[in-house]
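Trainee: prediction below, plus the sequence it came from.
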Amino acid sequence: MRQHRAIAFDGVAYGMGELSAAFDFRRQSGTVTAILGPSGAGKSTLLNLAAGFLTPASGRIILDGRDVTGLAPSERGISMVFQDNNLFAHLDIRTNIGLGLDPALKLDRAAWTQVDKALERVGLAGFGKRMPATLSGGERQRVALARAFARRRPLLLLDEPFDGLGPGLAADMLGLMLEIRAEVGATVLMVTHDPDEARAASDQILFIAKGRIAADAPADGFFERRDLPDLQAYLGSGPV
């Protein structure tokens, strides 16, 4: 079966002057792309454009063959996992996940079963009535991944979701994310600052510098390149 393009940025521009960004790329369905670059380069801007939290000044954003440029985040068919988990502190874990399926929580028995299965999938069976404040950072990240798994959307956006976790726990969460991605069949765009994370998880790299895509290439061998001064500066091995 021929793969189709899950996402395309077609001449997308945002902002003005020194705060401007311009992105043009496309990805096949089921791929994992790591988005790297220095602080302030435009990584989160790209992700927020894909999600619909920002609207481009020009260009088009295509998801699964559909122009979603003018659509709200809830209409785009995406799931997003943030660094801060984005959980409602006053609601229990089960309800937090249920809101990912329907913001009005009008869920039938089958939908709640889906929520419970998602909790079980991430190793949190029986945690449904717990409140976010009673969980560890890693457990809250598992809840965020469970919500993404329950939603089963074709595009998964990750904004440094494992930052702040210890190396071992971050690696565990990354592996869990990849398992869930495979089960759902999602395409992943993942903002990260960790080259090792990018090596372990991604098929492709988007390297962002000064609001532009400085490189779009396979992950294999990317960090050994010596033809990109911005990359060498980012890795701490600037041009000799």
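Mentor: Structure's in. What do you need?
Trainee: which stretches of this protein form helices?
Mentor: In the chain, the helices defined using DSSP state H lie at 43-51, 93-101, 109-121, 137-151, 167-184, 195-201, 229-234.
Trainee: ok, residues contacting the first one?
Mentor: Meaning helix 43-51. 7, 9, 12, 14-15, 21, 23, 35-37, 54-56, 61, 73, 76, 78, 80, 155, 157, 159, 189, 191, 206, 208, 211 (C-beta atoms under 8 Å, 6 or more residues apart in numbering). In short, each C-beta sits where N, CA and C put it, glycine included.
Trainee: try 7 Å
Mentor: 7, 12, 14, 21, 23, 35, 37, 54, 56, 61, 73, 78, 80, 157, 159, 189, 191, 208 (C-beta atoms under 7 Å, 6 or more residues apart in numbering).
Trainee: just the buried members of those residues?
Mentor: 7, 12, 14, 21, 23, 35, 37, 54, 56, 61, 78, 80, 157, 159, 189, 191, 208 (16 or more other C-beta atoms under 10 Å).
Trainee: please name whichever of the helices of the chain is nearest to G128.
Mentor: G128 lies closest to helix 93-101 among the helices of the chain, at 3.4 Å (C-beta to C-beta).
Trainee: which other helices and strands contact the helix or strand of the chain with the lowest mean pLDDT?
Mentor: Sorting the helices and strands of the chain by mean pLDDT, DSSP states H and E puts helix 167-184 at the bottom, at a mean of 82. Helix 167-184 sits against helix 137-151, helix 195-201, with contacts defined as 3 or more C-beta pairs under 7 Å, 6 or more residues apart in numbering; DSSP states H and E.
Trainee: mind listing which of the contacts of helix 43-51 are in strands?
Mentor: Counting by DSSP state E, the contacts of helix 43-51 place 7, 12, 14, 21, 23, 35, 61, 78, 80, 157, 159, 189, 191, 208 in strands.
Trainee: which one of those residues sits closest to A233?
Mentor: I208 (13.2 Å).
Trainee: list the contacts for the closest one?
Mentor: I208 sits in contact with 35, 37, 41-43, 46, 214, where contact means C-beta under 7 Å, 6+ apart.
Trainee: low-confidence stretches in this protein?
Mentor: The chain contains residues with pLDDT under 70 at 1-5, 83-85, 237-240.
Trainee: can you list the domain ranges for it.
Mentor: Domain ranges of the chain: 1-77+153-240, 83-152, per automatic domain parsing.
Trainee: can you give me the distance of S39 to F222?
Mentor: 20 Å (C-beta to C-beta, to the nearest Å).
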